[in-house]
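1. the following comprises the amino acid sequence and a computationally predicted model.
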Amino acid sequence: SSGINAEYGEAAKKVLMTDPNEVSLWKTAISGGVGGTMCWGFAYPLDIVKSQVQVGTLSPVDAMRNIYKESGIRGFFRGITPCLLRAFPGCGALFVAVEYTKLTFNKVVFEPY
């Protein structure tokens, strides 16, 4: 899921930043937030199935059938709103931390004194 998050975040960053060398705190945070939200939006149903498998003795296929039988398609998205509300700021902060850590590391290691 982290790799998917990074890909969505990088795609959003390309849309927001016209200069590839630009490092903007807010644009980076928005890119990470969009990437994380999109990632969780797609991965959430699988996470619901994974949680059902972990707490019971069901196989993934049986867990999917059980969720669908009990709640229909909506059962795969139960609780997604708090997850997405958490994903945007969390992933945005993660992207900022990673980008600024890379920037600082590159300045310290690769730029002469």
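-> Thanks, I have it.

2. so residue 81, which of the three states?
-> helix (DSSP: H, G, I helix; E, B strand; the rest coil).

3. could you measure the residue at minimal distance from the centre of the chain against residue 79, distance?
-> Nearest to the mean C-alpha position of the chain, counting by CA atoms, centre = their mean, stands residue 36 at 2.5 Å. Separation of residue 36 from residue 79 (CB to CB, to the nearest Å): 16 Å. To be clear about C-beta, it is placed using only N, CA and C from the backbone, and glycine gets the same treatment.

4. what do you get for residue 48?
-> Taken as CB to CB, the span from residue 48 to residue 79 is 8 Å.

5. between the two, which is the more surrounded one?
-> Shown here are residue 48 and residue 79; by other CB atoms under 10 Å, residue 48 has more neighbours (20 against 11).

6. verify the contact between the more buried one and residue 73 for me.
-> No: the criterion here is CB atoms under 8 Å, and residue 48 misses it with residue 73 at 11.3 Å.

7. got a pLDDT number for the residue nearest to the centre of the chain?
-> Residue 36 is assigned a pLDDT of 89 by the prediction.

8. now it: which helix or strand?
-> Taking DSSP states H and E as the criterion, residue 36 maps to helix 25-55.

9. continuing past that helix, what's the next helix or strand?
-> On the C-terminal side of helix 25-55, the closest following helix or strand by DSSP H and E is helix 60-71.

10. can you dump the C-alpha coordinates of that next one into PDB?
-> Coordinates of each C-alpha in helix 60-71 appear next as PDB, following Å, rounded to 0.1, in the frame of the first residue of the first chain:
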ATOM      1  CA  PRO A  60     -10.500 -14.400   2.400                       C
ATOM      2  CA  VAL A  61     -13.200 -15.600   0.000                       C
ATOM      3  CA  ASP A  62     -15.500 -16.700   2.800                       C
ATOM      4  CA  ALA A  63     -14.900 -13.400   4.600                       C
ATOM      5  CA  MET A  64     -15.900 -11.500   1.400                       C
ATOM      6  CA  ARG A  65     -19.100 -13.600   1.100                       C
ATOM      7  CA  ASN A  66     -19.900 -13.100   4.700                       C
ATOM      8  CA  ILE A  67     -19.500  -9.300   4.500                       C
ATOM      9  CA  TYR A  68     -21.600  -9.100   1.300                       C
ATOM     10  CA  LYS A  69     -24.300 -11.400   2.700                       C
ATOM     11  CA  GLU A  70     -24.600  -9.300   5.900                       C
ATOM     12  CA  SER A  71     -24.300  -5.800   4.500                       C
END
